[in-house]
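Novice: Sharing a model prediction with you, sequence too.
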Amino acid sequence: MSIFYILFSAAILLSGLTAQTIRGTLQGHIHQTIKLEGFRGFKTYMIDSTTADENGNFSLRYTTKDRGIGVLSSNDSKPIFVILCDEGMRVTGELLSYTESLDVTESAENLAFSKYASLQPKREQALSAWTYLEKMYVSDPAFMRHAAPLQAIQNEKIRLFAEEKVFLALLPAHSYARWYLPVRKLVSSVSAVAQYRTDEIPASISAFRALDYADPRLYSSGLFKDAIESHFWLLENSGRSLDSVFMEMRVSIDAVMLSLIKDEKKYNEVVDYLFDVLERHSLFQASEYLALKVLNETACTVDGNLSRQLETYRAMKKGNTAPDILFVGNVRNPAAGVSAGPSALSALNTSYTLVVFGASWCPKCAEEVPAIAELYTKWKKLGVEVVFISLDEGESEFVKFTQRFPFISMCDFRKWEGKVVNDYYVFGTPTMFLLDSKREILLRPNSVKQVDAWVDWFLGNQK
């Protein structure tokens, strides 16, 4: 292979990664580190870093692979966001955190971005205020008879919407700013829409569903996480009944997953994050729907660890029969006394059993399991037994953690590789299952409070 061919190939490769430069002078950051970071989905990465000279001058480089939103920051200042596009830019001023002092030049996209970022929050505040007043003039008898103010309010709302549309329409059709600014507005206005401009909820939800979650522009925007979380937060807080919310979430899950089928890496990332969001918000019907949809999908392969996490919803969903548990290994049963006690979960003579998976090293377990112990006497009187399955690896840790628990505690010291842990598809601690006398899964509680509420409502009201 000739040296000419090697150099020619390298030139072609480098031409696809055309470098651009952010130059600037920040007098408040003399001799300080200036960093430029970019976004890849849920994570940030370092693009370039430099030290400003004695006059505050600096220079940072990025390539076409970094296109999207960049974060410009220093050690002692709040960051600013810039568009990394085909144009370089110059930033001058005092401090990054003192945005009023900054002047961005040599980049039409960043000038538009800066102008929009300055004006749009004011438009959003005005819209929320006018919407509040509009409702007063429409529904309050003290204001309803005054038609002129109502018309003026409605005209001003129309003007504000039109002003934004004109601004965006004047941007180049294929510019990053023209795509990014409406998406940023959609994400950032969710709270105001849910609280003050509820008439915009259907359109906002439709806009979230229309997003292409595999779009490289979204992946590099810094909005990837917020778009997903805001989407489902708005559904949860849309003022609908819970059943209606879950129906709408199914539609949204279908829309998000459909857009990701073409990109398996992003598909796995979004499924993992969305599943966590739904679980954290106790939206278990939606997380179950997501899990079953993903496990039944043939167009994409789910990562092994994620697949195991989702499989629990298929194998251990409400209505299924939970596997029996043989009490082997180190079994502590304070109620047994000198007798041997039951040998398996199926041998328990109780109407209901709460099976709890946890460990001494789990911070949440240190709160939840002792709380169960405090409620045990009350639950026991109403027919609820508790079985604690420990994932500890050391006998001393297991004994120390469980010695005061009044219910059965068991440990085989195999952590995630234990038979019971695998039989129940446990992927995190604490994990709980509420079973009836036939081991049918009645509930997959997310907290001790949820179990106690079920006991009070379902069993307490039977007395």
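Specialist: Everything's here; your move. Numbers count the residues shown, from 1 in each chain.

Novice: In the stretch 201-350 of the chain, where is pLDDT below threshold?
Specialist: 304, 336-340 (pLDDT under 70).

Novice: can you give me the strands in it?
Specialist: Listed from the start of the chain, the stretch 201-350 of the chain has strands (DSSP state E, counting those that start in this stretch) covering 330-332.

Novice: which residue ranges form the helices in it?
Specialist: With DSSP state H, counting those that start in this stretch as the criterion, the stretch 201-350 of the chain has helices at 201-210, 216-219, 224-236, 242-260, 264-280, 284-295, 304-315.

Novice: Mind listing residues that contact the longest one?
Specialist: Surrounding helix 242-260, the residues in contact under the criterion CB atoms under 8 Å, 6 or more residues apart in numbering are 205, 208-214, 228, 231-232, 235-236, 238, 240, 266-267, 270-271, 274, 278, 283, 285-286, 289-290, 293-294, 297, 300. Backbone N, C-alpha and C define where each C-beta goes, glycine included.

Novice: Show the buried residues in those.
Specialist: Buried by 16 or more other CB atoms under 10 Å: 205, 208-209, 211, 213-214, 228, 231-232, 235-236, 238, 266-267, 270-271, 274, 278, 283, 285-286, 289-290, 294, 300, out of the contacts of helix 242-260.

Novice: Quick check: bridge partners of residue 83?
Specialist: residue 69 (DSSP bridges).

Novice: what about it, distance to residue 134?
Specialist: Between residue 83 and residue 134 the computed distance is 35 Å (CB to CB, to the nearest Å).

Novice: Same question for residue 157.
Specialist: Distance check for residue 157 against residue 134: by CB to CB, it reads 7 Å.

Novice: What are the boundaries of the strands in the stretch 51-200 of the chain?
Specialist: Counting by DSSP E, counting those that start in this stretch, the strands of the stretch 51-200 of the chain are 57-62, 68-74, 77-84, 89-93, 103-105.

Novice: And these: which comes nearest residue 322?
Specialist: Distances from residue 322 to each of the strands of the stretch 51-200 of the chain were compared using CB to CB; the shortest belongs to strand 68-74, at 46.7 Å.

Novice: Which other helices and strands does the closest one contact?
Specialist: In terms of contact count using 3 or more CB pairs under 8 Å, 6 or more residues apart in numbering; DSSP states H and E, strand 68-74 is assigned the packing partners strand 20-26, strand 33-40, strand 77-84, helix 216-219.

Novice: now that strand against strand 57-62, angle please.
Specialist: For strand 68-74 against strand 57-62, the angle between stretch directions is 150 degrees (axes from the mean of the first three to the mean of the last three CA atoms, to 10 degrees).

Novice: With neighbour numbers in mind, choose between residue 83 and residue 134.
Specialist: More neighbours sit around residue 83 than around the other of residue 83 and residue 134, counting by other CB atoms under 10 Å; the figures are 25 against 19.

Novice: wait, that one sits on residue 111?
Specialist: No - between residue 83 and residue 111 there is no contact under CB atoms under 8 Å: 9.9 Å.

Novice: that older thread, of the helices and strands packed on strand 68-74, which is nearest residue 262?
Specialist: For the helices and strands packed on strand 68-74, the distance to residue 262 is smallest for helix 216-219, at 11.7 Å, taking CB to CB.

Novice: about what we covered before: so which of the strands of the stretch 51-200 of the chain has the densest surroundings on average?
Specialist: strand 68-74 (a mean of 21; mean count of other CB atoms under 10 Å).

Novice: which residues touch it?
Specialist: Contact with strand 68-74 is made by 22, 26, 29, 32-39, 44, 47, 60, 62, 79-84, 91, 96, 176, 180, 216-217, 219-223, as judged by CB under 8 Å, 6+ apart.

Novice: Please apply the same query to stretch 151-162.
Specialist: Contacts of stretch 151-162 from elsewhere in the structure, counted by CB under 8 Å, 6+ apart, are 123, 126, 127, 130, 131, 133, 134, 137.

Novice: Off-centre distance for stretch 133-142?
Specialist: 37 Å (CA atoms, centre = their mean, to the nearest Å).

Novice: Which parts of the stretch 51-200 of the chain are helices?
Specialist: Defined through DSSP H, counting those that start in this stretch, the helices belonging to the stretch 51-200 of the chain, from first to last, are 108-139, 141-144, 147-169, 176-188, 190-195.
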